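**Student:** Sequence first, predicted coordinates after that:
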Amino acid sequence: MNYKANIMEFCKRLGLDTIGFTRLRRFDELQEFLESRRQNGLQNEFEIEDIESRINPMLYMEEGKTIISIAFPYLFSKEINGDIYFSKYTRGEDYHKVVSMYLRRICEYIENIGGRAKYFVDSNALPERYIANLCGIGFLGKNNMIITKKYGSYVFLGEIITDLFIEEDSPIECECNECNLCMRACPTKCINEGKTNPNICLSYITQKKHIEDEWFDKINGRIFGCDTCQDLCPFNRYAELSNINEFKPFEYMESINEDEIVNLNNKAFKEKYASTSSGWRGKNILTRNTMIQLMKNGRYKGPISFSSPYIEDYYCRLLKHFKL
C-alpha cells in the first residue's frame, strides 16, 4: 500500500493540501541552539524547558517511524478594522479545538489502514516549525515563522507521529534573501537574524499576566497577538484565503465593541471570547489591553466599580503613565 499517497488524498478530502513527511529521529542538531537560547534568557514562560523532550520525539511514541506535518490556513481577511483589534489568528474558533478535530480524523484513518498514530497541537514540546521545514511544508523565515508557498505564514501547524514507514520529503531553504522588512517593522525589534527574542515580541507581551509600564505605548491597539511582521511580509501579499470554515471570524472579533471588552463580565466572556484562541488567558487580559488603548486615546475614564483588583491596579498605573 502507498501510505503516503493515501494519507495525502484523505487529507485533501478534508480540505487540507499542505502536508509533508519526515523520518522520526532525534533532533540532536537543535541541542546547542536550544541551550544557547536558555543561557541567554531567550526562552519565555510558555516554552517547555526540558530540552530532551524537545529533541527526542521517540518519547511520545517509541516505535514511531514517521512524523507528518500539516498546515491549517486560517486567513479570511487581511483587513484591520479600527485602532483596536485582535490578531487574525484569534478571530475564529479556537485553533486548538479545530486542528485537534482534523488530526483526530486523520489518525483514525491511519489506524484503519493498519498503523498507529498520535497527534499534537501547539501545547507540546515538539519543535513544530523545525519539523514543518523538514517536511517541506515551507521555509523558516527571518521572523521565525513557517512560510508556505500557498498560504504564506497564515497557518497553524499540527503533527502526527505514526509507526508507518513513509517516504520523507525534503526541507526548503529560506527564501527571504536580502529582505529585512519584518526586522525593520517590528515595533520592539525582537526579530534579529539568529537571535530573535520572543520575550519582547508584542504577541507575547499582550498575553503576559503582568507587563511593565514601558509596554503601554507599544501595545498600540493590540488586544491579543501581533500581526506586524506578517502583514508586511512579501510572501503574504498574495496568500490564498482559508477554506476551513471553523476559522471564519466571528463578527464580534472584527467589529470590536470596546465598551463590552473594557467592562467584560463572565457571561459575555464565556458566550463569546472564551471560544477563541484569545480566551485561554482569561477576560482580564482582554480588558487590560483594551483599556490601555482607550486611555492612551483619552477615551476611557473608568467604571464606578472595577471587576477585579488586577484591573484597578492597571487603571491606576495607566492614569499615571498617560498623565490623565
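**Tutor:** Structure received.

**Student:** just the helices in the stretch 201-324 of the chain please.
**Tutor:** 202-207, 216-219, 228-231, 251-254, 258-262, 266-271, 283-296, 309-321 (DSSP state H, counting those that start in this stretch).

**Student:** residues near residue 61, how many?
**Tutor:** If you count neighbours by other CB atoms under 10 Å, residue 61 ends up with 17. Quick note: C-beta positions are derived from backbone N, CA and C, even for glycine.

**Student:** secondary structure class for the nearest residue to it once chain neighbours are set aside?
**Tutor:** For residue 61, ignoring the flanking residues on the chain, the nearest one in space by CB to CB, 6 or more residues apart in numbering is residue 161 at 4.6 Å. For residue 161, the assignment made with DSSP: H, G, I helix; E, B strand; the rest coil gives strand.

**Student:** Also residue 168?
**Tutor:** From three-state DSSP, the assignment for residue 168 is coil.

**Student:** next one: residue 171
**Tutor:** Going by three-state DSSP: residue 171 is coil.

**Student:** circling back: out of the helices of the stretch 201-324 of the chain, which gets nearest to residue 169?
**Tutor:** helix 228-231 (24.4 Å; CB to CB).

**Student:** Give the burial count for residue 43, as a bare number.
**Tutor:** 15.

**Student:** One more: residue 20?
**Tutor:** Applying other CB under 10 Å, we find 23 residues neighbouring residue 20.

**Student:** Distance check, it against residue 108.
**Tutor:** Distance from residue 20 to residue 108, counting by CB to CB, to the nearest Å: 20 Å.

**Student:** repeat for residue 86
**Tutor:** 33 Å.

**Student:** and the two? which has more neighbours close in?
**Tutor:** Between residue 86 and residue 108, counted using other CB under 10 Å, the more crowded position is residue 86 (28 against 11).

**Student:** Show me the longest helix that occurs in the chain.
**Tutor:** helix 95-112 (DSSP state H).

**Student:** Contacts for it, please.
**Tutor:** Here helix 95-112 makes contact (CB atoms under 8 Å, 6 or more residues apart in numbering) with 7, 10-11, 14, 16, 68, 70, 72, 74, 89, 92, 116-123, 156, 158, 160, 162, 164, 244, 246-247, 277.

**Student:** Go through that helix and flag the buried ones.
**Tutor:** 95, 98, 99, 100, 102, 103, 106, 107, 109, 110 (16 or more other CB atoms under 10 Å).

**Student:** avg pLDDT for that helix?
**Tutor:** What helix 95-112 shows for mean pLDDT is 98.

**Student:** And for stretch 13-27?
**Tutor:** 98.

**Student:** The nearest residue to residue 188 once chain neighbours are set aside: what's it in contact with?
**Tutor:** Residue nearest to residue 188 in three dimensions, not counting chain neighbours: residue 200, with 4.5 Å by CB to CB, 6+ apart. Counting by CB under 8 Å, 6+ apart, residue 200 makes contact with 188, 189, 190.

**Student:** Report how many residues lie close to the residue nearest to residue 61.
**Tutor:** 22.
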